[in-house]
Structure formats: structure tokens, C-alpha cells
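Q: sequence plus the predicted model coming up.
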Amino acid sequence: MTSAVDQQIQKQWAAEAAVRYVRPDSVLGVGTGSTVNLFIEALAASGTRIEAAVSSSDASTRLLESNGITVRDLNLAGTLDLYIDGADEFDPHRRLIKGGGGALTREKIVTAASRKFVCIVDESKKVGVLGKYPLPVEVIPMARSFVARQLVAMGGQPELRQDFVTDNGNVILDVHNMDLVDPVAVEKELNNLPGVVTNGLWAIRPADVVLMATSNGVEEFS
Ligand code: 5RP
């Protein structure tokens, strides 16, 4: 079991490894979370100047701007070459659970708008089969109970994330014990539920590269 200090060091290493993927003067997609926060700081410290970043959350926007990095609206950016983001779990096919930080909707949009997604994680995120981490589902507030009933019918146990509103003004249901042996099928089924804005499965479009830091260094899965 990795200690909190070791996990923090691993996040730092994964973040630093991702800086090497960034092309100077490019427009870069940037995710959300503690690993991404370290990436933003490592990018600023590296001296690699990018033209702008497209941000996936208000929190990342604030950190990017405080590090002197220009943030651009996705509508003005076109297709991005590269998106860097963390994850809550990844499996051997680089499929992910994301959304622990609640930024999943904008993260999925920026993923879709990017040619390449490099995911940065510490080794605690590696699993054989997705689903130990509760699956976040962003829901329009008026549909909360309806969607919760559908999730129960699918075999999950939804729990309303307390005192949390997304950047888009919605709520999150964290779904425990969902069978994710076929994550593509579940992602599609959740996408079809009226009231669901986004679900935290990245299975239809997995990461292209996972940079996983361990106590021995950074391993690349691609
Ligand atoms: C935010 C996310 C994050 O990428 C995920 O929660 C991992 O976060 P951290 O880097 O803090 O472990 O999906 O919505």
C-alpha cells in the first residue's frame, strides 16, 4: 500500500513526465484535479511556452492564469493536438473512471475535441476491472430521483454527492457497485438516460497514453 507521501511524489513524477509531450506554441487541453495541478505548475516551471490552454474547470482556469498561462475558450480553439488529465481508475485497455473532482462534463468535451489524450496517474489508480471507485454521473437537478431509479435498475447504488454543484450547475450521483465488466455498453446506456449530462466512463474513447508513476519511475502504457 502506497503512503500519502509516496502517492504525492508519484503524482509529481507523472505530472513532470507529461510536460515532455507538450509542444511549444501549441494550444493544450488541460484537465482537473490534484495531479493536473502539479502538471500546470511543472509546465510553468519548465519554461515551455504554449500559445494557450483550453481548461476543463473553473479551478484549473484559475491555476493556469495564476501561472501566467492564457486560457482560451474551446469555441475559439478548434481541434486540440493534446489533452492532459488525471483519472480515478484505469484498466489494461486504458479505459478510465473520471469525475472524482466533479469536472467530468467539461473533461469529456475537451477529450473529444483533442487528437491525443495523455492520462497522468499514480499507481493506486491501476485496476484489472473498472468499478471499485464509485462512478460519477452528472445529472440535471430536476432529474435526480428519476435517474437514481434508473441507476438502481441497472444494478448500481447511487449516492448524491453532498454539498456539491458542478461548474455547469448540476448535481453528481456517485454510483457504487455498478457492474462495469463491459464499460462501453454501460457508458452508452448511461448516455441514453434523459437527465444524464455526462457519465464518468472513458471507455468509448479511452486514453491514448497512460503515464503511471510508481516508486521506481514512470511507466508508459500506449
Ligand atoms: C476530476 C477528475 C480527476 O482527473 C480525477 O478525479 C483524478 O484526480 P486526482 O489527480 O486528484 O487524483 O476526473 O473530475
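A: Looks like it came in fine. Numbering: from 1, shown residues only.

Q: quick one: buried residues of the longest helix seen in the chain?
A: If you go by DSSP state H, the chain has its longest helix at helix 4-19. Buried residues in helix 4-19, counted by 16 or more other C-beta atoms under 10 Å: Asp6, Gln7, Gln10, Lys11, Gln12, Trp13, Ala14, Ala15, Glu16, Ala17, Ala18, Val19. Every residue, glycine included, has its C-beta placed from N, CA and C.

Q: what is that helix packed up against?
A: helix 34-46, strand 114-122, strand 209-214, strand 217-221 (3 or more C-beta pairs under 8 Å, 6 or more residues apart in numbering; DSSP states H and E).

Q: helices or strands up against the first one?
A: Spelled out, it's helix 34-46. For helix 34-46, the packing partners by 3+ C-beta pairs under 8 Å, 6+ apart are helix 4-19, strand 27-30, helix 58-66, strand 80-85, strand 114-122.

Q: quick one: which of these is nearest the ligand?
A: strand 80-85 (5.3 Å; C-beta to the nearest ligand atom).

Q: domains in the chain, by residue range?
A: Residue ranges of the domains in the chain are recorded as 4-128+204-221, 135-200, according to automatic domain parsing.

Q: pick the most buried one from these.
A: Stretch with highest mean neighbour count among the domains of the chain: domain 4-128+204-221 (a mean of 19; mean count of other C-beta atoms under 10 Å).

Q: quick one: end-to-end distance for it.
A: Terminal residues of domain 4-128+204-221 lie 24 Å apart, using C-alpha to C-alpha, to the nearest Å.

Q: try stretch 16-23
A: Stretch 16-23 end-to-end distance (C-alpha to C-alpha) = 14 Å.

Q: what mean pLDDT does it get?
A: Mean pLDDT, computed over stretch 16-23, is 98.

Q: next one: stretch 89-109
A: 98.

Q: could you dump it to CSV, C-alpha only?
A: Taking C-alpha atoms only, stretch 89-109 is exported to CSV below (Å, rounded to 0.1, in the frame of the first residue of the first chain):
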residue,chain,number,x,y,z
GLU,A,89,-9.1,4.4,-12.2
PHE,A,90,-7.6,2.9,-15.4
ASP,A,91,-7.8,-0.6,-16.7
PRO,A,92,-5.4,-2.6,-19.0
HIS,A,93,-7.2,-1.1,-22.1
ARG,A,94,-6.6,2.5,-20.9
ARG,A,95,-10.3,2.8,-20.2
LEU,A,96,-11.0,5.2,-17.3
ILE,A,97,-13.3,6.3,-14.5
LYS,A,98,-13.1,10.0,-14.1
GLY,A,99,-15.0,12.7,-12.3
GLY,A,100,-13.9,12.3,-8.7
GLY,A,101,-13.3,16.1,-8.8
GLY,A,102,-16.7,16.7,-10.4
ALA,A,103,-15.4,18.2,-13.7
LEU,A,104,-16.3,15.2,-15.9
THR,A,105,-18.6,17.0,-18.4
ARG,A,106,-16.0,19.6,-19.5
GLU,A,107,-13.3,17.0,-19.3
LYS,A,108,-15.2,14.7,-21.7
ILE,A,109,-15.8,17.6,-24.1
